[in-house]
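Novice: Structure for this input, please:
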Amino acid sequence: MDLKVKNLSVRFGQVRAVNSVSLSARQGEIVAVFGANGSGKTTFLKAIAGLVRASEGRITYHGEDITLLPAHERVARGVHYVSDRARVALRMTVRENLDVGGYLRTSAQREAARRRVHELFPVLREKAGEPAGILSGGERQMLVIGRALMGNPSLLLLDEPFLGLSLEVRDRILAVIEGTLKGKATILLAEHDLAAARRVLDRYCIFLNGEMIHLASGGDITDEERLRTVFRRFYQYGDADRKGEKP
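Specialist: Model prediction:
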């Protein structure tokens, strides 16, 4: 296993946001992390990225203990966190925002990475010289993901990347995950969109009150309704998810 998280806990004062969670992932595997708001899934991803401090436990990546490494050193090792709340530099151009993501790479590597990102997200090429502040919400999310790809991530932590996006933009990002990243980069995908996640996941887990309460292979899910059944069993939401409420 390339990523190993052992008995990870995160506390904020007296509140334990993540409680003794263990999870491993192979290189190129996509693990979906499901859970209601406040279940601990975002804190779990941020702890792996080094954006919050682990109170207990150990995180190893490619055999190296990275538990105490600061976030920028984890980025240098290929660990990148992407959130729907990630900011772009509004006054900088789209190209300049992308280049920030490749700051550890050589000029030639950045140029090659930028061309690749432009192939994946053509709108970023079309608006390369424009300030990022003019982009729509969906275009900014493509920029945030493109910026992460500029760093050649080997471990990508995607925190609700489809939140608030149109189906067109969601499908564009899913196509990048399916066609470019799957089987290459290890991905932990925290998401509410069951249908989207089901398209790409290899395994999935469910968080509740800071604990991982379920871990299973994606092969156990033959259709979306079976995944919804799992949610109803653990969250006891009845048919709430059918009415548009987030599981």
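Novice: List the contacts of the nearest residue to Arg95 once chain neighbours are set aside.
Specialist: On the basis of CB to CB, 6 or more residues apart in numbering, the spatially nearest residue to Arg95 that is not a chain neighbour turns out to be Ala128, at 4.3 Å. For every residue, glycine as well, the C-beta is placed using N, CA and C. Contact criterion CB atoms under 8 Å, 6 or more residues apart in numbering gives Thr93, Val94, Arg95, His118 as the residues in contact with Ala128.
Novice: So Ala128: helix, strand or coil?
Specialist: Applying DSSP: H, G, I helix; E, B strand; the rest coil to Ala128 yields a three-state assignment of coil.
Novice: Quick one: classify the closest residue to Asp193 other than its chain neighbours as helix, strand or coil.
Specialist: Of all residues not flanking Asp193 in the chain, Phe162 sits nearest, at 4.8 Å (CB to CB, 6+ apart). For Phe162, the secondary structure call by three-state DSSP comes out as coil.
Novice: what about Phe162, how many neighbours?
Specialist: For Phe162, the number of neighbouring residues by other CB atoms under 10 Å comes to 23.
Novice: Also the one 5 residues further on?
Specialist: Leu167: 10 surrounding residues under other CB under 10 Å.
Novice: Show me which positions of stretch 13-24 end up buried.
Specialist: Judged by neighbour count using 16 or more other CB atoms under 10 Å, the buried positions of stretch 13-24 are Arg16, Ala17, Val18, Asn19, Val21, Leu23.
Novice: In strands, which of those appear?
Specialist: Taking DSSP state E as the definition of strands, the buried residues of stretch 13-24 contribute Arg16, Ala17, Val18, Asn19, Val21, Leu23.
Novice: farthest-separated two in those residues?
Specialist: By the measure CB to CB, those have their two most distant members at Arg16 and Leu23, which lie 17.1 Å apart.
Novice: these two touch, right, Gly151 and Leu104?
Specialist: Yes. Applying CB atoms under 8 Å, one finds Gly151 in contact with Leu104, separated by 6.6 Å.
Novice: any idea how far the spatially most central residue of the chain lies from Ile134?
Specialist: When CA atoms, centre = their mean is applied to the chain, the residue found nearest the centroid is Leu158 (0.8 Å). With distances defined as CB to CB, to the nearest Å, the gap from Leu158 to Ile134 amounts to 25 Å.
Novice: Quick one: end-to-end distance for stretch 82-93.
Specialist: The straight-line separation of the ends of stretch 82-93 (CA to CA, to the nearest Å) is 19 Å.
Novice: What are the contacting residues of that stretch?
Specialist: Applying CB under 8 Å, 6+ apart, the external contacts of stretch 82-93 come out as 42, 96-97, 100, 128-133, 135, 140-141, 143-145, 147-148, 156-164.
Novice: still on that earlier bit, what's the overlap in contacts for Gly151 and Leu104?
Specialist: Taking CB under 8 Å, 6+ apart as the criterion, Gly151 and Leu104 both touch Val75.
Novice: the more surrounded of the two?
Specialist: Set side by side, Gly151 and Leu104 show more neighbours around Gly151, with 22 against 13, by other CB under 10 Å.
Novice: Could you tell me how many residues sit around the nearest residue to the more buried one once chain neighbours are set aside?
Specialist: Taking CB to CB, 6+ apart, and ignoring the residues beside it in sequence, Gly151 has Gly101 as its nearest neighbour in space, at 5.1 Å. Here the neighbour count serves as a burial measure; for Gly101 (other CB under 10 Å) it reads 25.
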